[in-house]
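Chemist: Sharing a model prediction with you, sequence too.
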Amino acid sequence: MAEPSLVFTDVNERQGMFTRRVFLMGGFVAFGMFALTGRLAHLQILQGSKYSKLAAANQFNFRLIPPPRGNIYDRNGKLIAGNRPSFRVMIETNEVKNIDDTLDEVSYVLPQTLSSRRRILRDINQNQRSVPTVIASDLSWEDFSHVSLYANDIPGVVADMDEVRAYYYGGAFSHVVGYVSKISQKDLTDETGVSQTDFNLLHHPSFRIGKQGIEKAFDRDLRGTPGGRKVEVDSRGKVVADDEEGNIAPVPGKDVVLTLDADIQSRAVEVFGQESGSAVMMDVRTGEVLCMTSSPGFDPNLFVSGISSKAYKLLADYDHIPLLDKALSSTFPPGSTFKTMVALAALENGYDPNTIHVCNRHWPWGGRVWGCDDAHGALNLHQAIVTSCDIYFYQCALSVGPDKIAAMARKFGLGDIFDIGIAGQKAGIVPDSAWKKKYFAKRNPANTKWFPGETPSMGIGQGYTNLNPLQLCVMVARLANGRKALTPQLVKSVGGVDRVVKEFPDLPADPAHIDFVRAAMADVVTSGTAARTGKLDLGPIMMAGKTGTAQAYDYKGGRGAHGAVGDWKLRDHAWFVAFAPADAPRFAMSVLVQHGGFGAASAAPKAREIMRLALLKDPETQKRIVSINPADLVDKPLPADTSTDGIPPNGNPDVVPSPAATGHKSV
Amino acid sequence: MVDSALSRPGQRERYDSKLAQIDWVFVGLLATLTGIGILLLYSVGGMKWEPWAFKQLVTFCACMAFMLLLALVDLRVWLMGAYWFYGASLLLLVAVEAVGDVRMGAQRWLSVGGFGFQPSEFMKLAIVLALARFYHECSAKDANWSWKLLFPAAMIGVPAVLVMHQPDLGTAVLISLTGLAVMILAGLNWKVIAAGAAAAAVAIPLAFEFVLHEYQRQRILTFLNPEEDPSGSGYHILQSKIAMGSGGLLGKGLGLGSQSQLNFLPEKHTDFIMAAVCEELGFAGGFMIFLLYGAIILMALRMASLSHSHFGRLAAAGATATFALYVLINGAMVMGLFPVVGVPMPLVSYGGSAMLMVMTGFGLVLGVKVHRYQELPRQASIFQRFE
């Protein structure tokens, strides 16, 4: 387009300048466009695959599917802890505009949520916004169907089914199996090396962590591996669509099979009633723990969905201390049950079992008078065990010395902590001069020497001696086995993998000496302190045992008054350790009745009840009971003779009646 | 039709000949570009005409009619109105300071009868017109370097500072750069430009430290290192890059872009619509769009250079410069080459007022082409009437 020439040179100059500059500007814009296109190619073609992955990571998400927790079975496959379905209603905090309005709407359908409004609001505040909060769980079918009907009209409210831990024996296994509960901040900080998946599982609202016993010890095994539901989400995390083909199935937790027998355990709990104490039973061949109770117990189901503070306070404030595992986490003076160890230590160290000491009820020694329950007269070692004479054992212990007694006691598992998987065991004290030196080095340097006057107390299981019921059960089990130093086995298998230890080290004691002690224990039941309360009434099957009555210390440190009456907290602890059958031991057990009074009156009858059931369940023993053919009795000696086989030739069956038995005829 | 300077007197003033002078290819390119934009709005709206696509279509039709109408307006009217328009816009900016609405933390809006508008939008065109008129009356020598350049400097500086104070960094930068573009086109001395660039290089870090608001500083820091805080302020840039990158060569298809459909892409219908375009239509689509923009800008510059009047040249080129700056800044922004400054992609992004100003600018450009033979007096009163 030819333009007419212009009049002013100035005008031409301006036009020329503009034309040049507008060319430059066009070039600049073209360059800019070229650069943008280049950048576009860089993003879309060179880095396309990288960003495609990032886009997919945005678009798809895995919603955690919590794995079912592993079951816990007893030795016979009875389900102790499992999972049961629970209908629940949840609120998805993300989806809700006004939480109060939504909860109001829910309360029209579920009036019970009104009263728990404060808890719900607290939970909502504690949870992450992306995590739904449970409003109500364990709904009845009627409530659930009602809610399901209306939930669609209340945005952000979801009704679904969840799995909840269930303890089918209630409080029978409350201490040994433990319980699961909501995860606490402390649990979270204790978890080390958690992967992202673990982290998500730990923060899942229906996740429960093992808090005590087996549930805690094997928590990682029982937990399982969570699965994932592949979903398409928008930027707010709201699920837009499901992608079922991409789902990952959860791996259920491993099942744990215990060596415990639910029947025996339940029987032990029943026998104790509301009395405080513990019963532990072991198989003397395998070391398997058949029963381990602590009474009174509590219902672990209460803890699964969160125990109310009122109920918890009742448990925590009760002076029988139901929350404490008395079988493992509490120690008591063993009393006369310890005399078995004193006797064995004496025999191992060359003590003549025919040494005679005379009991006049009083024994002046070391500037004071030592007492006994009764005037037992002249006794040898066997008779002293059978009658549980304190004056004999004061002198016996003095002649052996504390260090040798302690060494023997330790060989029989006293003062040990056993690897049964459960944490919180207390070792207690088996005192000797080395222990005393170490123990008092800082506390009271003037008292680091072992005084001779402390040995007689130790000889009757008092003084510093403090042990837990499991240790005493191990002691009897080793005595009853006689050859091997058994250790208690609590877990049979985890996830189908056997965990029971089969090989045990030899017991470093002369079998003849062990036999001597066992024979004396058999006589305790036939004619000794437990003669009235320890008979099994199972034909030829007899129990062997040792009673114990130990002066109590209050938990707050006050010294107890000797006796079975008066303030409960100051009464004596009653012990009975036993094994049966006396002639061919199968089961060993220890029974502690805290502040129960006399061992023979309080603990022995309980041991009898529990032992009876164990024996009746054992096919071998059962065969022995029923195989007595009346015809055989005609021309053969009574099978009762077998029970006296263990008594050495010098044994005197006509011993003085035990003081415990005479003092408490009414029991 | 007649497009020669030798046509009969009065012929050019007839509306039918003016209509014939309108560059219809250019108009077609604008419609094509906006059409692609409306298609994308339909897609990111969940394959629905509501809430954006239909409104955008209606706005575009109205703006198109307005643009064609403006193209017929005598250039002398623009010249006379230039300072008035500028003065009015400046008053409105001051009014915003006094009585403006605060929306999203910035005082940018004036409400008249329930209608909200941003006076800073008017200023983008007003600054072009006012500067064009100033240079129209100015000699080449003075435009090169003289004390008279203080006037255009103030004409740019005052509104820029006012807009900056709202605070609206994006628009302030846009107004300043547009004004600067007109000054350069008018013949500003290269040495001055170079010195100014050097001064800016020194001043920008200082301004960053002392003048910018916290959120503006944060945006620039985020731009420099978006991966540092991917869920916070780096989110926009990162998600935009993911959207574009995952589109690949041919795109995911209309309505199938996961980033834009599932709302990972923020502002998907306004400032970040180019990311949605590139995700769903791929590199092919993005390339097409930039090609269209390039063609539109170069054609507009060509139309500007045809004018016989200095005012016409500068006004048309200045309006085009605003448009080009929009495109370049938004393009660089969504690709992570420039901080997030809230500049829409003209014609493609959803939004009525931006569309109106862009189409008004193109109405001026088309008008300059239609009236390219018109001679304008060097000195004219701002009250002068034309027959």
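Modeler: That came through fine. Residues are numbered from 1 along each chain as shown, chains lettered A, B, ... in the order given.
Chemist: give the contact list for the residue in chain B positioned nearest to chain A.
Modeler: When distances are taken as C-beta to the nearest C-beta, chain B reaches nearest to chain A at B:Gly245, 2.5 Å away. C-beta here means a position set from N, CA and C on the backbone, and glycine is covered the same way. Remark: with contacts taken as C-beta atoms under 8 Å, 6 or more residues apart in numbering or on different chains, B:Gly245 is in contact with A:Leu43, A:Gln44, A:Gln47, A:Gly48, A:Lys50, A:Tyr51, A:Ser52, A:Leu54, A:Ala55.
Chemist: Run through these and flag the ones next to chain B.
Modeler: Contacts with chain B within the contacts of B:Gly245, counted by C-beta under 8 Å from any C-beta of the partner chain: A:Leu43, A:Gln44, A:Gln47, A:Gly48, A:Lys50, A:Tyr51, A:Ser52, A:Leu54, A:Ala55.
Chemist: Just give the closest residue to the fifth one, not the sequence neighbours.
Modeler: Same thing as A:Lys50. B:Gly245 (6.6 Å; C-beta to C-beta, 6 or more residues apart in numbering or on different chains).
Chemist: What of the second one?
Modeler: Spatial nearest neighbour of A:Gln44, excluding adjacent residues (C-beta to C-beta, 6+ apart): B:Phe283 at 4.3 Å.
Chemist: returning to what we had before: taking the ones next to chain B among the contacts of B:Gly245 one by one, which sit in strands?
Modeler: Assigned to strands by DSSP state E, none of the ones next to chain B among the contacts of B:Gly245 qualify.
Chemist: So in chain A, which strand runs the longest?
Modeler: Ranked by number of residues, the top strand in chain A under DSSP E is strand A:79-91.
Chemist: can you pull the pLDDT of residue 199?
Modeler: No chain was given, so I picked chain A. Reading off the per-residue confidence, A:Phe199 sits at a pLDDT of 81.
Chemist: I was thinking of chain B, sorry if that wasn't clear
Modeler: The predicted local distance difference test score for B:Ala199 is 91.
Chemist: One more: A:Asp143?
Modeler: What the model reports as pLDDT for A:Asp143 is 84.
Chemist: likewise B:Gly285?
Modeler: 94.
Chemist: how distant is the strand or helix carrying it from the center of its chain?
Modeler: With secondary structure defined by DSSP states H and E, B:Gly285 is part of helix B:273-306. Average the C-alpha atoms of helix B:273-306, do the same for its chain, and the two points are 14 Å apart (C-alpha atoms, centre = their mean, to the nearest Å).
Chemist: so what does that helix touch, helix or strand wise?
Modeler: helix A:9-41, helix B:24-44, helix B:235-247, helix B:258-261, helix B:310-334, helix B:352-370 (3 or more C-beta pairs under 8 Å, 6 or more residues apart in numbering or on different chains; DSSP states H and E).
Chemist: So which residues on the stretch 251-387 of chain B come close to chain A?
Modeler: So far as C-beta under 8 Å from any C-beta goes, the stretch 251-387 of chain B lies against chain A at B:258-259, B:262-264, B:278, B:282-283, B:286-287, B:290-291, B:293-294, B:297-298, B:301, B:304-306, B:308, B:310, B:313-314, B:317, B:321, B:324, B:327-328, B:331-332, B:335, B:337.
Chemist: Among those residues, name the buried ones.
Modeler: Among these, those classed as buried by neighbour count (16 or more other C-beta atoms under 10 Å in any protein chain shown) are B:258-259, B:262, B:264, B:278, B:282-283, B:286-287, B:290, B:293-294, B:297-298, B:301, B:304-305, B:308, B:310, B:313-314, B:317, B:321, B:324, B:327-328, B:331-332, B:335.
Chemist: what's A:Thr340 sitting at in phi/psi?
Modeler: phi -60, psi -40 (degrees, to the nearest 10).
Chemist: Could you tell me how many residues sit around it?
Modeler: Under the neighbour criterion other C-beta atoms under 10 Å in any protein chain shown, A:Thr340 is assigned a count of 29.
Chemist: just checking, it touches A:Val386?
Modeler: No - applying C-beta atoms under 8 Å, one finds A:Thr340 not in contact with A:Val386, separated by 11.7 Å.
Chemist: Relative to A:Asn125, how far out is A:Ile99?
Modeler: Summarising the geometry, the distance separating A:Ile99 from A:Asn125, computed by C-beta to C-beta, to the nearest Å, is 10 Å.
Chemist: Can you tell me the closest non-neighbouring residue to residue 316?
Modeler: You didn't pick a chain, so chain A it is. According to C-beta to C-beta, 6+ apart, the nearest residue to A:Ala316 is A:Leu323 (6.4 Å).
Chemist: let's do chain B instead
Modeler: Nearest to B:Ala316 is B:Ala304, by C-beta to C-beta, 6+ apart, at 3.5 Å.
Chemist: Surely the one you found touches B:Val368?
Modeler: Yes - judged on C-beta under 8 Å, B:Ala304 makes contact with B:Val368 at a distance of 6.3 Å.
Chemist: shared neighbours, those two?
Modeler: By C-beta under 8 Å, 6+ apart, the residues touching both B:Ala304 and B:Val368 are B:Gly312, B:Arg313, B:Ala315, B:Ala316.
Chemist: Can you pick out the most distant pair from those?
Modeler: Pairwise distances across the shared contacts of B:Ala304 and B:Val368 peak at 7.4 Å for B:Arg313 and B:Ala315 (criterion: C-beta to C-beta).
Chemist: Can you pull the residues that touch both of these two?
Modeler: By C-beta under 8 Å, 6+ apart, B:Arg313 and B:Ala315 have these common neighbours: B:Ala132, B:Ala304, B:Val368.
Chemist: how about the helix or strand just after the longest strand of chain A: buried residues?
Modeler: Using DSSP H and E, the next helix or strand after strand A:79-91 towards the C-terminus is helix A:99-109. By 16+ other C-beta under 10 Å, the buried positions in helix A:99-109 come out as A:Ile99, A:Thr102, A:Leu103, A:Val106, A:Ser107, A:Val109.
Chemist: Can you tell me what sits against helix A:99-109?
Modeler: Taking C-beta under 8 Å, 6+ apart as the criterion, the residues outside helix A:99-109 that touch it are A:89, A:91, A:93, A:96, A:113-114, A:117, A:120-121, A:124, A:135, A:146-147, A:150, A:154-157.
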